[in-house]
Each structure stands twice: as structure tokens, then as C-alpha cells.
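Engineer: mind looking at a prediction? Sequence and model below.
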Amino acid sequence: MLTRVFKSGNSLALRIPKELAFAEAGQDVEIERVGNTLVMRQVPQETLGDLMDVLASFPVSFMAEGRELNEQKERDWGALIAAEK
């Protein structure tokens, strides 16, 4: 199937025939050169629907002891304000 390459600003653009399109307009895709071939892959969109699967992939021992608590250091805000002036 033939298509046309054209210049768009400082880049080359490629018209993808409707029959070959797998992505919506404005959707991110990856493009890679493999020899003299260009390979284009759809970038999977992450959604919150995948969150439970991601959380389930953590081992039971993950953070079993909880978080390490670090004390907050007292800050001298007056010195910071004076340095900005």
C-alpha cells in the first residue's frame, strides 16, 4: 500500500491510510528504526483501573515494618526571607 511523506514544520510526517490505523488522532505512539524499516507501536495508556493489579503485584512483606519516620528539622524561615531580598 502506498502513502505519502510530507514536511510538517521541521519534521517529516506520514499519512497512514485509514485501513492501517490502529491509534486515535492525538494518541501517543512509539516509533523505532529497525534497519531500513520504521516500526510504530501504540503506547498503552495507564488508567486507574489497572491500580488494583499493580498493588496486588507487591509482595506481602512489602513495607511490613511500616515507614521509617524522620524527624523534621527546625527551619529558620527568617534567614530564607532575608536571603531573597
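Structural biologist: Arrived safely.

Engineer: hmm, who's touching the helix or strand encompassing Leu55?
Structural biologist: Per DSSP states H and E, Leu55 falls inside helix 51-56. Residues from elsewhere that reach helix 51-56, judged by Cβ atoms under 8 Å, 6 or more residues apart in numbering: none at all. No exception for glycine: its C-beta is placed from N, CA and C like everyone else's.

Engineer: now the helix or strand following it: mean pLDDT?
Structural biologist: Using DSSP H and E, the helix or strand that follows helix 51-56 towards the C-terminus is helix 77-84. Mean per-residue pLDDT for helix 77-84: 75.

Engineer: equivalent analysis for stretch 31-50, please.
Structural biologist: When pLDDT is averaged along stretch 31-50, the result is 88.

Engineer: buried stuff in it?
Structural biologist: Of all the residues in stretch 31-50, not one is buried under the rule 16 or more other Cβ atoms under 10 Å.

Engineer: what distance do you get for Trp77 to Ala25?
Structural biologist: Separation of Trp77 from Ala25 (Cβ to Cβ, to the nearest Å): 49 Å.

Engineer: can I get the CA coordinates of stretch 1-17 in CSV?
Structural biologist: What follows is stretch 1-17, C-alpha atoms only, in CSV (Å, rounded to 0.1, in the frame of the first residue of the first chain):
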residue,chain,number,x,y,z
MET,A,1,0.0,0.0,0.0
LEU,A,2,1.5,3.4,-1.0
THR,A,3,1.2,6.5,1.1
ARG,A,4,2.9,9.9,1.1
VAL,A,5,5.6,11.5,3.2
PHE,A,6,5.4,15.3,3.6
LYS,A,7,7.1,18.1,5.5
SER,A,8,5.3,19.5,8.6
GLY,A,9,7.3,22.3,10.1
ASN,A,10,10.8,21.0,10.6
SER,A,11,9.7,17.3,10.7
LEU,A,12,8.6,14.7,8.2
ALA,A,13,5.1,13.4,8.5
LEU,A,14,3.5,10.3,7.1
ARG,A,15,-0.1,9.8,6.0
ILE,A,16,-1.4,6.5,7.4
PRO,A,17,-4.2,5.0,5.4
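
Engineer: I would like the residues contacting that stretch, please.
Structural biologist: Applying Cβ under 8 Å, 6+ apart, the contact partners of stretch 1-17 are Glu19, Leu20.
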